[in-house]
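Enquirer: my questions are about this predicted structure, shown below with the sequence.
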Amino acid sequence: MQLSCALNTLVEIIFNEEATYGDLLYVVLFFSFFWFLVFTAAAIIIRPFTYGKSWLVAAGERDYERGGKDFNKKIGLPSQTKEAFVESFMSRWSWTISLALQHLVGGAFCIPALVPGHFGLDHSTASSLACLGILSEMGWELEDMAAILYKRFAFANGKNEVSNTLLVVLAIHHSLTCILGLPAVMNYRNMSTLHWLCFDLQAAAGIAIVVIEYTKVLDIKKKSELLQFQTLTGLTLAFMVLYIHVQSIGHTYASNFSRCGMPIETGHFSL
């Protein structure tokens, strides 16, 4: 009964255009807990199908030779043997796949607000779903930052797991959404530029992670797998540059023309 009441409250807040900062924070905290459960479950479910498999071991060894052996030094962590690196590589695999899923889900929330007709939804509902993508991302970033801080400060060897350099980089990375997310939703909830921005960043990240992790498995010494590598990375680059960023810049630029009283076509033409 209490769970049902909490979920009903959550749904009401999500689609309430008059939601307060406190209301939105409630949704963010829900997603923090939700994504914690998803990542934990994924580690349990995915690991038996990947850990120790010959294809993943080979991918880890290639990643080590391609720069992985020097990566720890660059971020202030102790050097790893090849065996230790491969073990760590395999242990992170399920987490990385879950990360791709999390970003793709966040981007998918925005799609109804971006397509003409909004799949039959009214504009307010579609906008609320797009904003849900932002709140979902905030929730995951708070959860991930909490996990990083716990790993760093709760254990005696925490500095060997999360160096000062890595801590600063991740804190800066996560702070952007955590600082800007709620004010953006509160002030620009129905602005299509915000919906596109949320979709662009999360879809791009999700697709990039999927392609990166899949291409790590490819042995580019084999002609067929080299062709896969070239095709996937080429298409991903085209998607990032030619579609997401150019389209996003064009939309923002044209919107600014429209706000200045000029026809939106003028903005597109000028671009």
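Expert: Structure received. Numbers count the residues shown, from 1 in each chain.

Enquirer: and the strands in this structure?
Expert: With strands called from DSSP state E, the chain shows none.

Enquirer: residue ranges in the stretch 101-250 of the chain under the pLDDT threshold?
Expert: Within the stretch 101-250 of the chain, the segments meeting pLDDT under 70 span 242-250.

Enquirer: contacts only, for the residue nearest to Gly181 when sequence neighbours are not counted.
Expert: In this structure, Gly181 finds its nearest non-sequential neighbour in Met138, 4.4 Å apart by CB to CB, 6 or more residues apart in numbering. Just so you know, the C-beta spots here come from the backbone N, C-alpha and C atoms, and that holds for glycine as well. Counting by CB atoms under 8 Å, 6 or more residues apart in numbering, Met138 touches Val28, Phe31, Thr177, Cys178, Gly181, Leu182.

Enquirer: now swap in His118 and tell me
Expert: Taking CB under 8 Å, 6+ apart, we find His118 in contact with Pro112, Thr125, Ala126.

Enquirer: any figure for the gap between it and Asp200?
Expert: Distance, His118 to Asp200, by CB to CB, to the nearest Å: 18 Å.

Enquirer: likewise Glu18?
Expert: According to CB to CB, Glu18 and Asp200 sit 27 Å apart.

Enquirer: what sits closest to Asn190 if chain neighbours are left out?
Expert: Distances taken as CB to CB, 6+ apart put Ser127 closest to Asn190, at 4.7 Å, once the chain neighbours are dropped.

Enquirer: pull out the buried residues from stretch 232-241.
Expert: For stretch 232-241, the neighbour count (16 or more other CB atoms under 10 Å) marks Leu232, Thr236, Phe239, Met240 as buried.

Enquirer: oh sorry, the question was meant for stretch 156-163
Expert: Gly158, Lys159, Val162, Ser163.

Enquirer: got it, and stretch 112-130?
Expert: For stretch 112-130, the neighbour count (16+ other CB under 10 Å) marks Pro112, Ala113, Leu114, His118, Thr125, Ala126, Ser127, Ser128, Leu129, Ala130 as buried.

Enquirer: show me those residues that map onto helices.
Expert: Members of the buried residues of stretch 112-130 lying in helices (criterion: DSSP state H): Pro112, Ala113, Leu114, Thr125, Ala126, Ser127, Ser128, Leu129, Ala130.
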